[in-house]
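Student: Here is my input, please return the structure:
(chains A and B)
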Number of protein chains: 2
Amino acid sequence: MEHFSDRLLNAIGLKGSPVCVGIDPVHERLPAELRRRIDGPRSALSAISEYCSTVLDAVADAVPAVKFQSACFERFRDEGVETLYGLIADANDLGLIVILDAKRGDIGISADHYAAGIFEPWIDRDELAPRIAIPDAVTINGYLGSDGIAPFCTNGRGAFVLVRTSNPGGDAIQQARLENGKTVAEHVAGVVDQLSREHMGTLGYSDLGAVVGATKRDEIASLRALMPRCIFLVPGYGAQGAGADDVKECFNRDGRGAIITASRSVIFAYEKDESQPWADAVGEAAHVFAQEVGEIAPV
Amino acid sequence: MEHFSDRLLNAIGLKGSPVCVGIDPVHERLPAELRRRIDGPRSALSAISEYCSTVLDAVADAVPAVKFQSACFERFRDEGVETLYGLIADANDLGLIVILDAKRGDIGISADHYAAGIFEPWIDRDELAPRIAIPDAVTINGYLGSDGIAPFCTNGRGAFVLVRTSNPGGDAIQQARLENGKTVAEHVAGVVDQLSREHMGTLGYSDLGAVVGATKRDEIASLRALMPRCIFLVPGYGAQGAGADDVKECFNRDGRGAIITASRSVIFAYEKDESQPWADAVGEAAHVFAQEVGEIAPV
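Tutor: Next up is the predicted model:
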């Protein structure tokens, strides 16, 4: 199969902007017309499913990729996981690159199991009309080292390792300084860089990328230099406070090397804009986001 | 609800040994009579379900706790998750303490979602005969810092943070030395120790524990001193090569403070002992394991 990095870069070229919409649904923030129907966990999940399906349709023209927050679905256990893979099948059908934000991380055969669970074709319970759902990439936690990373980056699938997260609490561990002067995040970046060379696509980027929070502006240039072949998945844009200026350094000189993610500012855009149907507000926010980022990273 | 640490310590006292059986099923290693029935993913999952249910019955007399490897079930996506929670309900019914080895880790509302998905009562699809399944504790990855840890340690539930893992690849990150002379693992231990004080049970231990691999014998005493109130969940016993001598230092002077885990050496014990029915071999291996560890940590 074609390399993940090639597929992602080609999709970015096609849509004209290196952006990704984060699908992080919470039932409390759904549009009123959907929220009204909720009277328990099952109806909440069904409303979330319908909402996400409409959001995917609304953003598919504007952006090359979506990122599903697995936790929002896993909170409904097996039924949430079934809904998640149904939506991934929708996104596959729309030609979107699909990143599963699951932050998995294990070793040996357990890592193989997670990778198989995520990347092997899924057949839904309705065997008369089976649908295929396969994410293109997954986020993983690299604290267990290279044997916790490599299994997720095989057969043309991609993985983004958490290197520098956007939350305040991350500093206590990721900013700790080693005796060689590097931070722990920079040290993890070195491990990721090393492994990234073994998974190169044809366009000069690796199938192994890194999560680097947009809110950590001062550290981005250093991480960019440490992982030259890695595509950065950059959360923190929009609702978390970072803007176009903050993410400039995530890109290499070729204008490539990063995909910027916005979630709440796009998928809940109707909360601030009640002038039009809610799906139109979401679609418009996705277009504005793609245009903003497209201006700093022309492709 | 009663504190997780109190429930665990009381269960250990009742069974007489601080041990835990790891439920890490793989269909290739099931007993021949079950393996014979497998002709695809669904029949593999059904065989795994029957096998695990029998294993739980076989070990319940000997050990106070079991640890489910979530990956083994998640590889079957939603149907695997449904099976997993059905088995957790079985273990709950048998009075076993249940640890879910899911190595989750996220922040903010996503961490809340994961915690809710794991710890809120689960109602299965058969609404006419609903079963309740609730794990007592979960393993988590602490790379995101305290805001990625705290949400998993609430309402009497417990969490074990990965501090020092048993795999070779973990060294590259966890053994890196900080400018203050500590290793990264020791630094993470400090973060865990700090948080552990906010979640104390009545028996002197915290609901927040740590995963410390039995194969890292030289580092255990230092980690024990750094996290005096944390119960260590200790994998690596048996199949991974560590024995009773290696895990001695995991215990405090009160004979408490650790729970030792063995998986393959117990649950696949019939591979080496074909003289009796497979479930009897598993039960016997669990008793031998409990006795071995019980001798070094009399309770």
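Student: From here on, just use CA atoms for contacts and neighbour counts.
Tutor: Noted.
Student: what sits against the residue lying closest to A:Gly181 once chain neighbours are set aside?
Tutor: Counting by Cα to Cα, 6 or more residues apart in numbering or on different chains, B:Glu179 is the residue found nearest to A:Gly181 once chain neighbours are left out, at 7.6 Å. Shown in contact with B:Glu179 (Cα atoms under 8 Å, 6 or more residues apart in numbering or on different chains): A:Arg177, A:Leu178, A:Glu179, A:Asn180, A:Gly181.
Student: so where's chain A uncertain?
Tutor: A:122-130, A:298-299 (pLDDT under 70).
Student: Now do the helix or strand containing A:Arg7: everything it contacts.
Tutor: For A:Arg7, the host element (DSSP states H and E) is helix A:4-15. Residues outside helix A:4-15 that contact it (Cα under 8 Å, 6+ apart) are A:18-19, A:61-65, A:96-97, A:136-137, A:156-158, A:200-203, A:205-207, A:231, A:256, A:299.
Student: just stretch A:264-280 next, same as before
Tutor: Counting by Cα under 8 Å, 6+ apart, stretch A:264-280 makes contact with A:21-24, A:29-31, A:54-55, A:58, A:238-239, A:281-283, A:285-286, A:289, all of which sit outside it.
Student: Got phi/psi on A:Val234?
Tutor: Note on A:Val234: backbone dihedrals following degrees, to the nearest 10 are phi -120, psi 100.
Student: Can you get me a residue count around it?
Tutor: As a burial measure, A:Val234 scores 24 neighbours (other Cα atoms under 10 Å in any protein chain shown).
Student: Show me what it bridges to in the sheet.
Tutor: Under DSSP bridges, the beta-bridge partners of A:Val234 are A:Ile260.
Student: correct me, but it touches A:Gly257?
Tutor: No. Using Cα atoms under 8 Å, A:Val234 is not in contact with A:Gly257, being 10.5 Å away.
Student: close to chain B, is stretch A:68-75?
Tutor: Yes. Using Cα under 8 Å from any Cα of the partner chain, stretch A:68-75 comes into contact with chain B via A:Gln69, A:Ala71, A:Cys72, A:Glu74, A:Arg75.
Student: how distant is that stretch from the center of its chain?
Tutor: Its chain's C-alpha centre and that of stretch A:68-75 lie 12 Å apart, by Cα atoms, centre = their mean, to the nearest Å.
Student: what about the strands in the stretch 51-200 of chain A?
Tutor: Along the stretch 51-200 of chain A, the stretches classed as strands by DSSP state E, counting those that start in this stretch are A:65-69, A:97-104, A:122-123, A:132-133, A:137-140, A:158-164.
Student: Among those, which comes closest to B:Ile48?
Tutor: strand A:122-123 (18.6 Å; Cα to Cα).
Student: Pretty sure A:Arg177 sits against A:Val184.
Tutor: Yes. At 6.2 Å, A:Arg177 counts as touching A:Val184 under the criterion of Cα under 8 Å.
Student: So if I had to pick from those two, which one is more boxed in?
Tutor: Ranked by neighbour count (other Cα under 10 Å), A:Arg177 and A:Val184 place A:Val184 first, with 26 against 19.
Student: Just give the closest residue to that one, not the sequence neighbours.
Tutor: A:Gln174 (4.9 Å).
Student: For that neighbour, list the residues it contacts.
Tutor: Contact analysis of A:Gln174 by Cα under 8 Å, 6+ apart lists A:Val163, A:Arg164, A:Thr183, A:Val184, A:Ala185, B:Tyr143, B:Leu144.
Student: Now list the buried members of those residues.
Tutor: When these are checked for burial by 16 or more other Cα atoms under 10 Å in any protein chain shown, the buried set is A:Val163, A:Arg164, A:Thr183, A:Val184, A:Ala185, B:Tyr143, B:Leu144.
Student: May I have the beta-bridge partners of the nearest residue to A:Cys153 once chain neighbours are set aside?
Tutor: In space, and not counting its chain neighbours, A:Cys153 is closest to A:Ala159: 5.6 Å by Cα to Cα, 6+ apart. With DSSP bridges as the criterion, A:Ala159 is bridged to A:Val138, A:Leu208.
Student: In the contacts of A:Gln174, find the pair that's most separated.
Tutor: Spanning the widest gap among those are A:Thr183 and B:Leu144, at 14.3 Å by Cα to Cα.
Student: contacting residues for A:Ser49?
Tutor: So A:Ser49 contacts A:Thr83, A:Leu87 (Cα under 8 Å, 6+ apart).
Student: Off-centre distance for the strand or helix carrying it?
Tutor: Using DSSP H and E, A:Ser49 sits within helix A:41-59. Its chain's C-alpha centre lies 18 Å from the corresponding centre of helix A:41-59 when counted by Cα atoms, centre = their mean.
Student: Check stretch A:173-181 too.
Tutor: Using Cα atoms, centre = their mean, the offset of stretch A:173-181 from its chain centre is 27 Å.
Student: Now do the end-to-end distance for that stretch.
Tutor: 15 Å (Cα to Cα, to the nearest Å).
Student: picking up where we left off before, can you get me a residue count around the residue nearest to A:Cys153?
Tutor: A:Ala159: 31 neighbours (other Cα under 10 Å).
Student: just A:Asp147 next, same as before
Tutor: Per other Cα under 10 Å, the neighbour tally for A:Asp147 reads 18.
Student: Can you tell me the centre-most residue of chain A?
Tutor: Taking Cα atoms, centre = their mean as the criterion, A:Lys67 is the residue nearest the geometric centre of chain A, at 3.6 Å.
Student: Enumerate every residue touching it.
Tutor: Applying Cα under 8 Å, 6+ apart, we find A:Lys67 in contact with A:Cys20, A:Val21, A:Gly22, A:Ile23, A:Val98, A:Ile99, A:Leu100, A:Asp101.
Student: State the distance from it to B:Arg217.
Tutor: Going from A:Lys67 to B:Arg217 by Cα to Cα gives 40 Å.
Student: before we move on, what about A:Leu203?
Tutor: Per Cα to Cα, A:Leu203 is found 45 Å from B:Arg217.
Student: Same check on A:Arg75?
Tutor: For A:Arg75, the distance to B:Arg217 (Cα to Cα) stands at 37 Å.
Student: Can you tell me which residues in the stretch 151-299 of chain A are near chain B?
Tutor: Residues of the stretch 151-299 of chain A lying near chain B (Cα under 8 Å from any Cα): A:165, A:167-174, A:176-181, A:184, A:187-188, A:191.
Student: Which among the contacts of helix A:4-15 count as buried?
Tutor: By 16+ other Cα under 10 Å, those give A:18-19, A:62-65, A:96-97, A:136-137, A:156-158, A:200-201, A:205-207, A:231, A:256, A:299 as buried.
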